[in-house]
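Colleague: got a sequence here, can you build the structure:
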Amino acid sequence: MSKQVHPLETSGLANQQATSPPLVVDLDGTLIKTDSLAESFFALMRQNPLYVFLLPFWLLRGKAFFKRQISQRVILDASLLPYRHELLDYLKIQRAQGRQLVLATGTEERIAKQVADYLQIFDRILASNGTINLSGQNKRNCLIAEFGEKYFDYAGNSRRDLAVWSSARKAILVNPTGSLFRTTAGVTEIEQVFRSPKRKLRLCLEALRFHQWLKNLLVFVPLVMAHRFFELDLLGKTFLAFLAFGLCASSVYLVNDLLDLPSDRHHPRKRQRPFAAGELSLLWGLGLSPFLLGLSLVVSLLLPLPFLGTLAIYYVLNLTYSFYLKRIVLLDVIVLAGLYTLRVMAGSASISIWPSSWLVAFSTFIFLSLALVKRYAELVTMEVESGVVQVRGYQIVDKELLASLGSGSGYVAVLVLAIYISSGVAEIHYTRHYLVWLLCPLLLYWISYVWLIAHRGRMHDDPLVFTIRDRVSRIVLLLAAVVLLLAK
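Modeller: A predicted model of the protein is given here:
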């Protein structure tokens, strides 16, 4: 068990008798790729978003008090934090050689102790204690009091650590910029540098989930079903709707990923997402989200007012889903189906051609089937790859029920299509309306195929993205398009 020491407690210079000076290690951005305060903030928001109104009052009493108030209300799982394993391996070697390791961090002492207890490599802990924020000059003063000037080595990653390095014997740098490397070299000897690959642009694009923009192609459905796809004015408006929805959706995806850090880190594939893996700053995501939302609103101003209203409903519902609704069994899949359907309605609003009740009914049932596929696939994946028996409130024993509900919903969508054709409405829009009947067996096959793929554990995290990427699904979509063209 690591011994806990409060900042600025003086133990003299007894450690100077050691053969090797202590190796002092920073936590945020150094030992872990993420920031523990940001992690704690999002954990607090998951617990209760209304805490956001208390944050300014806590901050007015100082950063150390701010950190303590947050840490007292949340629990971070130290085993899930994204550690820098190359640095961790180096520290384990140093410890095996008998060197004293000290965790010195601006993180609140409760969280620092959880990390130290999990790793079991640190001899001492120095951390913020609710009164003193142990960073920068405060950390330097504390380390000098504990070990003496120039009688400790220090591992850090930011310009705030320059004050500490100026009093350290040697420096260990983690992902330094060129400027930080040169400045540090001017104040102390650099012993070791740990660098990670530079992939920021790719990671940023991945965090925005541009591949998920494929789902927003649903805004083109009303234009296609109205047989006015080649009217350039309407096509331009629909493209703007697609862009606005994409920006808005990316804004929500960022928030969703920041709130979903623990569950994503449990998932065999989602743990590789940029925020969950610690490859991107959580604060960067928090700042970019409102910026993207603002861009979405600017684009929306170029479209009819009903589109802006539909987009607002989508954003509020999606945000509510991220904070709360996704944890309510069955209601979550109904909301997901509604979010898909809202894309179709937004496409109608952008060109002022309102969808028929047939299209709305068909969309509701087919998207409910896809939402249930999503949950079913998550259960299968987690059971096979992680041995987890519960995901978002669903249990492994629920798989068969989800499959029956989902496939049933998909078949009801086929029934809606059949009733639409037999009602005589299809005769108004299609010269050879009898050919439209061919859509029914195609859709029956595709729904059964999707559920078969999910049952085999090969479904993508988002079934609609799977549909667009999967070769068999693309063939079915192409055949459906050919049927509609021949029927016209």
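Colleague: continuing past the host helix or strand of residue 344, what's the next helix or strand?
Modeller: Counting by DSSP states H and E, the element that carries residue 344 is helix 331-351. Downstream of helix 331-351, the next assigned helix or strand under DSSP H and E is helix 357-386.
Colleague: domain-wise, how is the chain divided?
Modeller: Using automatic domain parsing, the domain parsing of the chain gives 3-194, 200-487.
Colleague: JSON lines for the ones you listed, including mean neighbour count?
Modeller: Any C-beta I mention is one placed from the backbone N, CA and C, and that applies to glycine too. Formatted as JSON lines, the domains of the chain follow (neighbours: other C-beta atoms under 10 Å):
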{"stretch": "domain 3-194", "mean neighbour count": "18"}
{"stretch": "domain 200-487", "mean neighbour count": "18"}
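Colleague: got those domains as JSON lines, with mean pLDDT columns?
Modeller: Output for the domains of the chain, formatted as JSON lines (pLDDT from 0 to 100):
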{"stretch": "domain 3-194", "mean pLDDT": "90"}
{"stretch": "domain 200-487", "mean pLDDT": "90"}
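Colleague: quick one on the thing from earlier: show me what the helix holding residue 344 is packed against.
Modeller: helix 221-225, helix 232-259, helix 305-323, helix 357-386 (3 or more C-beta pairs under 8 Å, 6 or more residues apart in numbering; DSSP states H and E).
Colleague: now the angle from it to helix 305-323?
Modeller: Relative orientation of helix 331-351 versus helix 305-323 (axes from the mean of the first three to the mean of the last three C-alpha atoms, to 10 degrees): 160 degrees.
Colleague: what about helix 331-351, distance to the chain center?
Modeller: Relative to its chain's centre, helix 331-351 lies at 21 Å (C-alpha atoms, centre = their mean, to the nearest Å).
Colleague: the strand ranked longest in the chain pairs with which strands, and in what direction?
Modeller: If each strand of the chain is counted by residues according to DSSP state E, the longest one is strand 101-108. The strands that strand 101-108 pairs with in its sheet are strand 23-25 (parallel), strand 124-128 (parallel) (by DSSP bridges).
Colleague: mind putting the helices and strands packed on helix 331-351 into a markdown table with distance to residue 346?
Modeller: Putting the helices and strands packed on helix 331-351 into a markdown table (distance: least, C-beta to C-beta, whole Å) gives the following:
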| stretch | distance to residue 346 |
| --- | --- |
| helix 221-225 | 9 |
| helix 232-259 | 6 |
| helix 305-323 | 4 |
| helix 357-386 | 12 |
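Colleague: these: which one's closest to residue 61?
Modeller: Proximity to residue 61, assessed across these by C-beta to C-beta, is greatest for helix 232-259 (25.4 Å).
Colleague: ok, back up a step: among the strands paired with strand 101-108, which is nearest residue 187?
Modeller: Nearest to residue 187 among those is strand 23-25; the distance by C-beta to C-beta comes to 15.5 Å.
Colleague: tell me which residue lies nearest the centroid of this protein.
Modeller: The centre of the chain sits closest to residue 257, judged by C-alpha atoms, centre = their mean, with a distance of 1.6 Å.
Colleague: distance of the closest residue to it other than its chain neighbours from residue 117?
Modeller: In this structure, residue 257 finds its nearest non-sequential neighbour in residue 275, 4.9 Å apart by C-beta to C-beta, 6 or more residues apart in numbering. With distances taken as C-beta to C-beta, to the nearest Å, residue 275 is found 25 Å from residue 117.
Colleague: what do you get for residue 405?
Modeller: Taking C-beta to C-beta, one finds residue 405 at 44 Å from residue 117.
Colleague: one step back: tell me who's in contact with the residue nearest to the centre of the chain.
Modeller: Neighbour list for residue 257: 207, 264, 273-276, 285 [criterion: C-beta atoms under 8 Å, 6 or more residues apart in numbering].
Colleague: take the residues you listed and keep only those in helices.
Modeller: Among those, the residues falling in helices (DSSP state H) are 207, 264, 285.
Colleague: between the helices and strands packed on helix 331-351, which one is closest to residue 163.
Modeller: Short answer: helix 232-259, nearest of the helices and strands packed on helix 331-351 by C-beta to C-beta, at 30.2 Å.
Colleague: in three-state terms, how would the residue nearest to residue 103 when sequence neighbours are not counted be classified?
Modeller: Once flanking residues are discounted, residue 103 sits nearest to residue 122: 4.5 Å by C-beta to C-beta, 6+ apart. Classification of residue 122 using DSSP: H, G, I helix; E, B strand; the rest coil returns coil.
Colleague: out of the helices and strands packed on helix 331-351, which comes closest to residue 71?
Modeller: Nearest of those to residue 71, taken as C-beta to C-beta: helix 232-259 at 18.1 Å.
Colleague: taking their axis directions, that closest one and helix 305-323 sit at what angle?
Modeller: Per the same axes, to 10 degrees, the angle that helix 232-259 makes with helix 305-323 is 20 degrees.
Colleague: renumber starting at 27 from here on
Modeller: That works, and once the first residue is 27, the last one we named lands at helix 258-285.
Colleague: just give me how far helix 258-285 sits from the chain centre.
Modeller: For helix 258-285, the distance to the chain centre is 17 Å (C-alpha atoms, centre = their mean).
Colleague: could you do stretch 70-80 as well?
Modeller: Distance, stretch centre to chain centre, for stretch 70-80: 18 Å (C-alpha atoms, centre = their mean).
Colleague: how about residues contacting the helix or strand hosting residue 506?
Modeller: Using DSSP H and E, residue 506 falls within helix 497-513. With contacts defined as C-beta under 8 Å, 6+ apart, helix 497-513 is touched by 456-462, 464-465, 468-469, 471-472, 475-476, 492-494.
Colleague: how about stretch 458-467?
Modeller: With contacts defined as C-beta under 8 Å, 6+ apart, stretch 458-467 is touched by 440, 443-444, 447, 452-453, 456, 506, 509-510, 512-514.
Colleague: how about 7 Å then?
Modeller: Stretch 458-467 has contacts (C-beta atoms under 7 Å, 6 or more residues apart in numbering) with 440, 443-444, 447, 452-453, 456, 506, 509, 512-513.
Colleague: residue contacts, the residue nearest to residue 129?
Modeller: 28, 127-129, 142.
Colleague: hang on, residue 168 packs against residue 159?
Modeller: No - counting by C-beta atoms under 7 Å, residue 159 is not a contact partner of residue 168; they are 11.1 Å apart.
Colleague: hmm, back to that, ok, the residue nearest to residue 129 to residue 130 distance?
Modeller: With distances taken as C-beta to C-beta, residue 148 is found 10 Å from residue 130.
Colleague: phi, psi for residue 60 please.
Modeller: Main-chain torsions, residue 60, degrees, to the nearest 10: phi -100, psi -170.
Colleague: secondary structure element for the nearest residue to it once chain neighbours are set aside?
Modeller: Closest residue to residue 60 in three dimensions, ignoring its sequence neighbours and counting by C-beta to C-beta, 6+ apart: residue 304, at 4.3 Å. Mapping residue 304 onto the secondary structure by DSSP H and E places it in no helix or strand at all.
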